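S.K.: This is the structure alone, sequence omitted:
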């Protein structure tokens, strides 16, 4: 599955390959750093394998030394490809009743994009003050 990122349609594998090349790593080097074979990495980059599960994805992210934005992009592309929630989110939600209640409330009232954007902006503003 391709996702439109900044006007460019990209799959998880294409994004991974782009980030690997930007870091100046060969497929073999990245595979070695991440703890698997170059063939496995090739299969992911060329769409022969689905985006990996969290543990493998985390190994790739660490091996590539990605920025937070680059990391989030890979999580989001993997989630889109797997038709699931981004893998960096469930542990934050799990067992946190207030977040679960907030999400259910937002769902129940059919919170719109503007309301969610206001929430995000308020959280960012709070983070600046802290």
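M.R.: Structure's in. What do you need? Note that this is a predicted model, so its numbers are computed, not measured.
S.K.: Could you list the residues in contact with the helix or strand containing residue 78?
M.R.: If you go by DSSP states H and E, residue 78 is part of helix 68-82. Contact partners of helix 68-82, identified using CB atoms under 8 Å, 6 or more residues apart in numbering, comprise 1, 3, 5, 10-12, 15-16, 19, 50-52, 57, 60-61, 64, 66, 85-89. From N, CA and C alone the C-beta is placed, and that goes for glycine too.
S.K.: same question, stretch 22-31
M.R.: Outside stretch 22-31, the residues touching it (CB under 8 Å, 6+ apart) are 20, 33, 37-38, 40-42, 45, 60, 63-65.
S.K.: cutoff 10 Å now
M.R.: Here stretch 22-31 makes contact (CB atoms under 10 Å, 6 or more residues apart in numbering) with 16-17, 19-21, 32-34, 36-42, 44-45, 59-60, 63-66, 70.
S.K.: Repeat that for stretch 116-130.
M.R.: 102, 106, 111-112.
S.K.: before we move on, the earlier item: need the buried ones from the contacts of helix 68-82 selected in PyMOL.
M.R.: Those of the contacts of helix 68-82 that count as buried under 16 or more other CB atoms under 10 Å are selected in PyMOL with:
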select buried, resi 3+10+11+12+15+16+19+51+52+57+60+61+64+66+86+87+88
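S.K.: helices and strands around the helix or strand hosting residue 57, which ones?
M.R.: Following DSSP H and E, one finds residue 57 within helix 54-64. Helices and strands touching helix 54-64, by 3 or more CB pairs under 10 Å, 6 or more residues apart in numbering; DSSP states H and E, are helix 12-22, helix 27-34, helix 38-45, helix 68-82.
S.K.: CSV for those, including distance to residue 125?
M.R.: Below are the helices and strands packed on helix 54-64 laid out as CSV (distance: least, CB to CB, whole Å):
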stretch, distance to residue 125
helix 12-22, 30
helix 27-34, 37
helix 38-45, 38
helix 68-82, 18
